[in-house]
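K.L.:
Sequence unavailable; structure follows:
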DNA sequence: CTGGGCTGGT
DNA sequence: ACCAGCC
Ligand SMILES: Nc1ncnc2c1ncn2[C@@H]1O[C@H](COP(=O)(O)OP(=O)(O)OP(=O)(O)O)[C@@H](O)[C@H]1O
Ligand SMILES: [Mg+2]
Ligand SMILES: [Mg+2]
């Protein structure tokens, strides 16, 4: 028998991906039961029908379709405005809470967007209904489950029953129908989840994954986005939308070949995904998000900077209100970010952010926050690198609260806290190894453990130019809000810890201080 | 006249 | 600060 402490978690996982059917549209049906599901309903955001119920889809309305085209396809489409995500967010949270209640601790639950939930049930008990070896009645299978490795099949039959009961709970406790995919990895679960829908589920056996993936159009691979597609088309002019993953593997047979197209980090990952290999883990989604933002897009040109500022203030009020209701007392945002987009720059955005000393305490001084936001907007419109921006050309504003500091229970207890920074101030860049630096023996579920890296490696990686000669400390601090480790550098002048990418500009700021003196 | 968000990497 | 990716 192996020592339990070194026993690695089972390697082929049992992963469920639950996807809410036409989520925003279903939210409207749940909120307003008088709205019949047999009448076609579309959800509008500005000029887009972002999703539609299945009655509408039968009439030719698709996702992310222009309102004009949707109405042309289905003139009697009932349209609801979905620009305010508040209610959708609330339903999503309720669904997450339901899943969390039925799939506690050893199971991880990861949320993607508002309407997808990965559940890792590898370490859940065998489902009582899976004894017969039969699948749930609404569960399709890709390929022949019986032909696969017996143990693997038992795990996935049980997982299929867990998916079935999870969906049952979401239906009876929240009122939503869902579809699901079940497989030995996140990749497998995700790819089969949309095969049979709505209100159905699909399982795929481990031995089927590679061949199934190979037959898909290559754009179906999660992680292969528009940028990589563009690079692929430039290297291989023969590539079309119907090119399959198998075709691509012929063109790019090795991870090294992929790296030349997609980079040293993404390339090898994509090479593995194209072979159906995905060792990524389901990671529990933290209860507090890492950022909170509100944005508004507007087509008609804004006549003046004053007009822009009034939009900005409305968004700021909105995001602060959201912060109060969703995060409440303990968390304190440490920085404010304003982002704009201009028509002429396509879909690229430019942003400016400002740290707020001691955290953003707008209840004490709301005007101060408004002034900071206005200053950021003016900085953006004045233009940083590319010259001034035409005010009338701005067609989107985003206001974000970032870097939440939620005092952990130990730090909240009071007493001024020298903390990690002080403890490490004398330790030197290569002295500390986080958490004893123990080897991890198997899949690791928590984010903190994932960051169990040698600081020497980190320092060398992020700023090789500074690592050896300069008196710079690299810190790995626990970000309590996100429950993950953050890599920071300690400023020798002001005792702040700054992100590596902002180190240089931080130093420039100190130079400016000196000039003032 | 292509949304309104979010996470993670450099 | 910006980019790429996801819904
Ligand atoms: N690019 C996007 N921009 C804005 N909203 C989006 C975008 N992609 C997805 N959404 C919203 O997120 C929700 C979930 O997306 P998803 O792709 O699962 O479609 P869906 O509406 O749930 O339909 P389906 O039944 O096919 O899952 C949708 O309701 C959709 O409106
Ligand atoms: Mg989805
Ligand atoms: Mg969905």
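P.N.:
Yep, it's here. Treat the numbers as computed from the prediction; the structure is a model and nothing was measured. Ligands and ions are numbered 1, 2, ... in the order given.
K.L.:
ok, the nearest residue to residue A:235 once chain neighbours are set aside to residue A:240 distance?
P.N.:
Nearest residue to residue A:235 in three dimensions, chain neighbours excluded: residue A:261, at 5.9 Å (C-beta to C-beta, 6 or more residues apart in numbering). C-beta coordinates here come from the backbone N, C-alpha and C atoms, glycine included. Distance of residue A:261 to residue A:240, given as C-beta to C-beta, to the nearest Å: 17 Å.
K.L.:
Give the residue from those two that has the larger number of neighbours.
P.N.:
residue A:261 (19 against 10; other C-beta atoms under 10 Å).
K.L.:
Using the three-state scheme, assign the more buried one.
P.N.:
Look at residue A:261: counting by DSSP: H, G, I helix; E, B strand; the rest coil, its state is helix.
K.L.:
Show the contacting residues for it.
P.N.:
The contact partners of residue A:261, taken as C-beta atoms under 8 Å, 6 or more residues apart in numbering, are A:228, A:231, A:232, A:235, A:252, A:267.
K.L.:
Let me know the closest of these to DNA strand C.
P.N.:
For the contacts of residue A:261, the residue nearest DNA strand C by C-beta to the nearest atom of the strand is residue A:228; the value is 3.9 Å.
K.L.:
Wait, a helix at residue A:17?
P.N.:
No - applying three-state DSSP, one finds residue A:17 to be strand, outside a helix.
K.L.:
The residue nearest to the spatial centre of chain A and DNA strand C: what is the separation?
P.N.:
For chain A, the residue nearest the mean C-alpha position is residue A:112 (5.7 Å; C-alpha atoms, centre = their mean). For residue A:112, the distance to DNA strand C equals 5 Å [C-beta to the nearest atom of the strand, to the nearest Å].
K.L.:
which other residues reach whichever strand or helix holds residue A:89?
P.N.:
Element membership of residue A:89, judged by DSSP states H and E, is helix A:86-102. Contact with helix A:86-102 is made by A:18, A:20, A:23-24, A:27, A:30-31, A:82, A:109, A:111, A:114-115, A:117, A:119, A:165-166, A:169-170, A:173-174, A:176, A:285, A:322, A:326, as judged by C-beta under 8 Å, 6+ apart.
K.L.:
same deal with stretch A:285-299?
P.N.:
For stretch A:285-299, contacts defined as C-beta under 8 Å, 6+ apart pick out A:46-47, A:96, A:109-111, A:311, A:314-315, A:318-319, A:322-323, A:326-327, A:331, A:333, A:337, A:339, A:341, A:395-404, A:406, A:447, A:481-484.
K.L.:
Just those residues: which are in helices?
P.N.:
A:96, A:311, A:314, A:315, A:318, A:319, A:322, A:323, A:326, A:447 (DSSP state H).
K.L.:
From those residues, list the buried ones, please.
P.N.:
Taking 16 or more other C-beta atoms under 10 Å as the criterion, what is buried in those is A:96, A:311, A:315, A:318, A:319, A:322, A:323, A:447.
K.L.:
which one of the residues you listed is nearest residue A:281?
P.N.:
Within these, proximity to residue A:281 (C-beta to C-beta) peaks at residue A:447, which comes in at 10.4 Å.
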